[in-house]
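*Asks:* Quick check, what structure comes out for this input:
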Amino acid sequence: MDPLEPRRKIPWEALDAGAIDARVRAKVGGAWRARMKQEHLAVGAFALLTSELAAEGCEPVVLSRVAWAASDEVRHADVCRRLAALLLGDSAVPHRLRGVPRVPSHPEASAGERAILHVVEMCCLSETLTCVYLTEMLARATHPAARAALESLLEDEIDHGRVGWAHLATRRDPALAPGLPGALPAMLERTVGWVMKLAETHPEPDDRSLEALGYLGHDAGAAIFARALRDVILPGFEVLGVDLGPARQYIAERRWLAR
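*Replies:* Numbers count the residues shown, from 1 in each chain. Model prediction:
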(Lines give C-alpha, C1' and ligand atoms only; values in the text may rest on other atoms or scores of the structure.)
Protein backbone atom coordinates (compact mmCIF):
# COMPACT_ATOMS: atom_id res chain seq x y z
CA MET A 1 0.00 0.00 0.00
CA ASP A 2 1.21 3.47 -0.87
CA PRO A 3 2.06 5.18 2.48
CA LEU A 4 0.88 8.48 1.02
CA GLU A 5 -2.50 7.12 -0.01
CA PRO A 6 -5.27 8.53 2.24
CA ARG A 7 -7.06 5.99 4.39
CA ARG A 8 -10.37 6.96 2.81
CA LYS A 9 -10.99 7.48 -0.87
CA ILE A 10 -10.90 11.11 -1.96
CA PRO A 11 -12.75 11.83 -5.23
CA TRP A 12 -10.07 14.06 -6.75
CA GLU A 13 -11.74 13.73 -10.15
CA ALA A 14 -14.79 15.58 -8.79
CA LEU A 15 -12.80 18.79 -8.44
CA ASP A 16 -13.06 20.61 -11.77
CA ALA A 17 -10.94 23.73 -11.30
CA GLY A 18 -12.20 25.20 -14.57
CA ALA A 19 -15.70 25.38 -13.15
CA ILE A 20 -14.58 27.35 -10.09
CA ASP A 21 -14.29 31.13 -9.98
CA ALA A 22 -10.67 32.33 -10.22
CA ARG A 23 -10.94 34.29 -6.96
CA VAL A 24 -12.14 31.22 -5.10
CA ARG A 25 -9.44 29.03 -6.64
CA ALA A 26 -6.71 31.45 -5.60
CA LYS A 27 -7.99 31.97 -2.06
CA VAL A 28 -8.79 28.37 -1.22
CA GLY A 29 -5.82 26.94 -3.09
CA GLY A 30 -3.49 29.28 -1.23
CA ALA A 31 -4.97 28.15 2.09
CA TRP A 32 -4.48 24.46 1.28
CA ARG A 33 -0.90 25.20 0.16
CA ALA A 34 -0.22 26.95 3.48
CA ARG A 35 -1.81 24.05 5.34
CA MET A 36 0.48 21.67 3.46
CA LYS A 37 3.51 23.51 4.87
CA GLN A 38 2.12 23.37 8.41
CA GLU A 39 1.49 19.65 8.10
CA HIS A 40 5.08 19.17 6.92
CA LEU A 41 6.42 21.09 9.92
CA ALA A 42 4.34 18.86 12.19
CA VAL A 43 6.38 15.88 10.96
CA GLY A 44 9.49 17.32 12.62
CA ALA A 45 7.57 18.27 15.76
CA PHE A 46 6.27 14.73 16.27
CA ALA A 47 9.68 13.27 15.48
CA LEU A 48 11.12 15.40 18.28
CA LEU A 49 8.34 14.36 20.66
CA THR A 50 8.99 10.72 19.80
CA SER A 51 12.68 11.10 20.64
CA GLU A 52 11.99 12.94 23.90
CA LEU A 53 9.33 10.51 25.09
CA ALA A 54 11.49 7.53 24.17
CA ALA A 55 14.37 9.00 26.17
CA GLU A 56 12.24 9.79 29.23
CA GLY A 57 9.91 6.81 29.07
CA CYS A 58 6.12 6.84 28.84
CA GLU A 59 3.16 4.54 28.32
CA PRO A 60 3.79 2.34 25.25
CA VAL A 61 0.48 3.36 23.66
CA VAL A 62 1.48 7.03 23.96
CA LEU A 63 4.90 6.46 22.39
CA SER A 64 3.38 4.36 19.61
CA ARG A 65 0.76 6.96 18.71
CA VAL A 66 3.20 9.88 18.81
CA ALA A 67 5.66 8.00 16.58
CA TRP A 68 2.84 7.10 14.20
CA ALA A 69 1.71 10.72 14.10
CA ALA A 70 4.90 11.79 12.31
CA SER A 71 3.97 9.48 9.44
CA ASP A 72 0.36 10.70 9.50
CA GLU A 73 1.55 14.26 8.96
CA VAL A 74 3.54 13.27 5.86
CA ARG A 75 0.34 11.89 4.38
CA HIS A 76 -1.62 14.96 5.47
CA ALA A 77 0.86 17.24 3.74
CA ASP A 78 0.40 15.27 0.53
CA VAL A 79 -3.40 15.47 0.74
CA CYS A 80 -3.16 19.24 1.14
CA ARG A 81 -0.65 19.44 -1.72
CA ARG A 82 -2.94 17.56 -4.09
CA LEU A 83 -5.90 19.80 -3.33
CA ALA A 84 -3.80 22.94 -3.69
CA ALA A 85 -2.35 21.72 -6.99
CA LEU A 86 -5.80 21.00 -8.40
CA LEU A 87 -6.90 24.54 -7.58
CA LEU A 88 -3.74 26.51 -8.34
CA GLY A 89 -2.05 24.36 -10.95
CA ASP A 90 0.69 21.81 -10.38
CA SER A 91 3.52 24.26 -11.04
CA ALA A 92 2.30 26.57 -8.26
CA VAL A 93 2.67 23.96 -5.52
CA PRO A 94 5.98 22.36 -4.49
CA HIS A 95 6.16 18.57 -4.60
CA ARG A 96 8.87 18.41 -1.98
CA LEU A 97 9.25 20.47 1.19
CA ARG A 98 12.08 20.92 3.64
CA GLY A 99 12.40 22.33 7.12
CA VAL A 100 11.54 21.63 10.74
CA PRO A 101 9.61 23.80 13.19
CA ARG A 102 11.12 26.15 15.72
CA VAL A 103 10.39 24.40 18.99
CA PRO A 104 10.65 26.33 22.30
CA SER A 105 13.79 25.15 24.10
CA HIS A 106 12.59 25.75 27.68
CA PRO A 107 16.22 25.94 28.86
CA GLU A 108 15.23 26.19 32.51
CA ALA A 109 13.35 22.87 32.43
CA SER A 110 14.69 19.38 33.02
CA ALA A 111 14.57 16.94 30.10
CA GLY A 112 11.50 15.28 31.57
CA GLU A 113 9.65 18.53 32.11
CA ARG A 114 10.63 19.75 28.65
CA ALA A 115 9.02 16.66 27.11
CA ILE A 116 5.78 17.38 28.98
CA LEU A 117 5.80 21.02 27.92
CA HIS A 118 6.34 20.05 24.28
CA VAL A 119 3.53 17.46 24.40
CA VAL A 120 1.16 20.00 25.96
CA GLU A 121 1.84 22.64 23.32
CA MET A 122 1.85 20.31 20.33
CA CYS A 123 -0.97 17.93 21.26
CA CYS A 124 -3.16 19.37 24.02
CA LEU A 125 -3.14 22.82 22.41
CA SER A 126 -2.19 22.86 18.72
CA GLU A 127 -3.64 19.52 17.63
CA THR A 128 -6.77 19.83 19.77
CA LEU A 129 -7.45 23.30 18.40
CA THR A 130 -6.90 21.98 14.89
CA CYS A 131 -9.47 19.24 15.51
CA VAL A 132 -12.12 21.75 16.53
CA TYR A 133 -11.25 24.01 13.60
CA LEU A 134 -11.37 21.21 11.02
CA THR A 135 -14.62 19.88 12.49
CA GLU A 136 -16.28 23.24 11.87
CA MET A 137 -14.69 23.45 8.44
CA LEU A 138 -16.13 20.03 7.58
CA ALA A 139 -19.57 21.12 8.80
CA ARG A 140 -19.53 23.97 6.29
CA ALA A 141 -17.79 22.28 3.34
CA THR A 142 -20.02 20.91 0.59
CA HIS A 143 -17.65 19.84 -2.19
CA PRO A 144 -17.09 16.04 -2.03
CA ALA A 145 -13.32 16.26 -2.57
CA ALA A 146 -12.88 18.88 0.14
CA ARG A 147 -15.10 16.96 2.56
CA ALA A 148 -13.25 13.69 2.00
CA ALA A 149 -9.89 15.44 2.42
CA LEU A 150 -11.02 17.03 5.69
CA GLU A 151 -12.34 13.70 6.97
CA SER A 152 -9.00 12.12 6.10
CA LEU A 153 -7.14 14.73 8.16
CA LEU A 154 -9.59 14.72 11.04
CA GLU A 155 -9.56 11.01 11.72
CA ASP A 156 -5.86 11.28 12.57
CA GLU A 157 -5.80 14.73 14.17
CA ILE A 158 -8.32 13.62 16.79
CA ASP A 159 -5.86 10.96 17.97
CA HIS A 160 -2.97 13.45 17.84
CA GLY A 161 -4.76 15.67 20.32
CA ARG A 162 -6.05 12.81 22.45
CA VAL A 163 -2.60 11.29 22.97
CA GLY A 164 -1.37 14.55 24.52
CA TRP A 165 -4.16 14.57 27.09
CA ALA A 166 -3.52 10.89 27.81
CA HIS A 167 0.17 11.55 28.46
CA LEU A 168 -0.56 14.59 30.62
CA ALA A 169 -2.97 12.49 32.68
CA THR A 170 -0.11 10.12 33.53
CA ARG A 171 2.06 13.09 34.53
CA ARG A 172 -0.51 15.06 36.47
CA ASP A 173 1.71 15.41 39.56
CA PRO A 174 2.58 19.16 39.56
CA ALA A 175 6.11 18.27 40.69
CA LEU A 176 6.78 16.65 37.31
CA ALA A 177 6.19 19.89 35.40
CA PRO A 178 6.33 22.79 37.88
CA GLY A 179 6.86 25.26 35.07
CA LEU A 180 3.72 24.34 33.14
CA PRO A 181 1.36 26.97 34.65
CA GLY A 182 3.86 29.75 33.95
CA ALA A 183 4.60 28.45 30.45
CA LEU A 184 0.95 28.27 29.36
CA PRO A 185 0.53 31.99 28.49
CA ALA A 186 3.39 31.87 25.97
CA MET A 187 2.05 28.59 24.57
CA LEU A 188 -1.38 30.13 24.15
CA GLU A 189 0.10 33.13 22.39
CA ARG A 190 1.85 30.86 19.90
CA THR A 191 -1.15 28.61 19.26
CA VAL A 192 -4.10 30.99 19.68
CA GLY A 193 -2.78 34.55 19.62
CA TRP A 194 -1.96 34.65 15.91
CA VAL A 195 -5.53 33.59 15.02
CA MET A 196 -7.04 36.31 17.21
CA LYS A 197 -4.69 38.98 15.84
CA LEU A 198 -5.46 37.97 12.26
CA ALA A 199 -9.18 38.45 12.87
CA GLU A 200 -8.50 41.91 14.33
CA THR A 201 -6.10 43.14 11.66
CA HIS A 202 -7.69 41.42 8.64
CA PRO A 203 -11.38 40.80 9.40
CA GLU A 204 -12.88 38.30 7.01
CA PRO A 205 -16.58 37.43 7.20
CA ASP A 206 -18.09 34.10 6.19
CA ASP A 207 -18.15 33.31 2.48
CA ARG A 208 -20.13 30.24 1.39
CA SER A 209 -18.29 29.95 -1.92
CA LEU A 210 -14.99 29.58 -0.05
CA GLU A 211 -16.36 27.41 2.74
CA ALA A 212 -17.64 24.89 0.19
CA LEU A 213 -14.05 23.94 -0.63
CA GLY A 214 -12.66 23.92 2.89
CA TYR A 215 -11.90 27.50 3.85
CA LEU A 216 -12.93 29.48 6.93
CA GLY A 217 -12.69 33.25 7.22
CA HIS A 218 -10.58 34.89 9.92
CA ASP A 219 -13.64 35.94 11.93
CA ALA A 220 -14.92 32.37 12.06
CA GLY A 221 -11.46 31.08 12.95
CA ALA A 222 -11.18 33.38 15.96
CA ALA A 223 -14.67 32.45 17.16
CA ILE A 224 -13.87 28.74 16.83
CA PHE A 225 -10.62 29.06 18.77
CA ALA A 226 -12.36 31.04 21.51
CA ARG A 227 -15.04 28.36 21.81
CA ALA A 228 -12.41 25.60 21.88
CA LEU A 229 -10.54 27.39 24.65
CA ARG A 230 -13.65 27.87 26.75
CA ASP A 231 -15.31 24.49 26.22
CA VAL A 232 -12.41 22.07 25.63
CA ILE A 233 -8.90 23.30 26.47
CA LEU A 234 -9.40 25.04 29.81
CA PRO A 235 -11.81 22.41 31.21
CA GLY A 236 -9.36 19.70 30.15
CA PHE A 237 -6.51 21.29 32.09
CA GLU A 238 -8.78 21.83 35.10
CA VAL A 239 -9.76 18.16 35.21
CA LEU A 240 -6.07 17.26 35.29
CA GLY A 241 -5.36 19.67 38.12
CA VAL A 242 -3.25 22.18 36.18
CA ASP A 243 -3.04 25.63 37.81
CA LEU A 244 -4.71 27.91 35.26
CA GLY A 245 -4.20 31.19 37.12
CA PRO A 246 -1.56 32.63 34.73
CA ALA A 247 -3.37 31.32 31.63
CA ARG A 248 -6.78 32.70 32.63
CA GLN A 249 -5.28 36.10 33.43
CA TYR A 250 -3.52 36.17 30.05
CA ILE A 251 -6.72 35.23 28.22
CA ALA A 252 -8.84 37.74 30.15
CA GLU A 253 -6.44 40.61 29.44
CA ARG A 254 -6.76 39.92 25.72
CA ARG A 255 -10.54 39.36 25.89
CA TRP A 256 -10.23 36.23 23.77
CA LEU A 257 -13.33 34.63 25.28
CA ALA A 258 -15.45 37.70 24.53
CA ARG A 259 -15.89 36.54 20.94
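*Asks:* hey, let's count contacts and neighbours off CA atoms from now on
*Replies:* Will do.
*Asks:* residue ranges of the helices in the protein, please?
*Replies:* Using DSSP state H, the helices of the chain run over residues 22-56, 60-88, 111-119, 128-140, 144-170, 180-188, 194-201, 208-211, 218-228, 234-239, 245-254.
*Asks:* in the fifth one, what's buried?
*Replies:* Read that as helix 144-170. Buried positions in helix 144-170, judged by neighbour count with 16 or more other C-alpha atoms under 10 Å: 144-154, 156-165, 167-168.
*Asks:* got the angle for that helix vs helix 60-88?
*Replies:* Between the axis of helix 144-170 and that of helix 60-88 there is an angle of 160 degrees, by axes from the mean of the first three to the mean of the last three C-alpha atoms, to 10 degrees.
*Asks:* low-scoring stretches of the stretch 51-200 of the chain, by residue?
*Replies:* Across the stretch 51-200 of the chain, nothing is flagged by pLDDT under 70.
*Asks:* so who does the nearest residue to Leu15 once chain neighbours are set aside touch?
*Replies:* Closest residue to Leu15 apart from its sequence neighbours, by C-alpha to C-alpha, 6 or more residues apart in numbering: Ala145 at 6.4 Å. Neighbouring residues of Ala145 by C-alpha atoms under 8 Å, 6 or more residues apart in numbering: 10-12, 14-15, 213.
*Asks:* now do Ala166
*Replies:* Residues in contact with Ala166 (C-alpha under 8 Å, 6+ apart) are Val62.
*Asks:* do the same with Asp206
*Replies:* Contacts of Asp206 (C-alpha under 8 Å, 6+ apart): 216-217, 219-220.
*Asks:* Also Ala92?
*Replies:* Here Ala92 is in contact with Ala85 (C-alpha under 8 Å, 6+ apart).
*Asks:* going forward can the numbers begin at 2, since that is how I track them
*Replies:* Taking 2 as the first residue, the last one we looked at is Ala93.
*Asks:* Could you check how far it is from Ala85?
*Replies:* 8 Å (C-alpha to C-alpha, to the nearest Å).
*Asks:* Which of the contacts of Asp207 ranks first by neighbour count?
*Replies:* Ranked by neighbour count under the definition other C-alpha atoms under 10 Å, the contacts of Asp207 are headed by Leu217 with 26 neighbours.
*Asks:* so that one touches Thr136, yeah?
*Replies:* No. With contact defined as C-alpha atoms under 8 Å, Leu217 does not reach Thr136; the gap is 11.2 Å.
*Asks:* Provide the contact partners of stretch 56-64 at residue level.
*Replies:* Contacts of stretch 56-64 (C-alpha under 8 Å, 6+ apart): 51, 54-55, 112-113, 116, 164, 167-168.
*Asks:* Apologies, that question was intended for stretch 32-45.
*Replies:* Defining contact as C-alpha under 8 Å, 6+ apart, one finds that stretch 32-45 is touched by 70-72, 74-75, 77-82, 84-85, 94, 98-102, 216.
*Asks:* Now do the contacts for the closest residue to Ala150 other than its chain neighbours.
*Replies:* Distance criterion C-alpha to C-alpha, 6+ apart; nearest residue to Ala150, sequence neighbours excluded, is Ile11 at 6.2 Å. Contact analysis of Ile11 by C-alpha under 8 Å, 6+ apart lists 145-146, 149-150.
*Asks:* pLDDT value on Ile11, please?
*Replies:* We have a pLDDT of 95 for Ile11.
*Asks:* same question, Leu5
*Replies:* Looking at Leu5, its pLDDT is 74.
*Asks:* For Asp73, see how far away it is.
*Replies:* Remark: distance between Leu5 and Asp73 (C-alpha to C-alpha) = 9 Å.
*Asks:* These two: which is more packed in?
*Replies:* Using other C-alpha under 10 Å as the criterion, Leu5 and Asp73 rank with Asp73 on top: 23 against 15.
*Asks:* ok, the more buried one - contacts?
*Replies:* Applying C-alpha under 8 Å, 6+ apart, the residues near Asp73 are Asp157.
*Asks:* any chance of the contacts of Asp207 in a markdown table, plus pLDDT?
*Replies:* Converted to a markdown table, these look like this (pLDDT from 0 to 100):
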| residue | pLDDT |
| --- | --- |
| Leu217 | 98 |
| Gly218 | 97 |
| Asp220 | 97 |
| Ala221 | 98 |
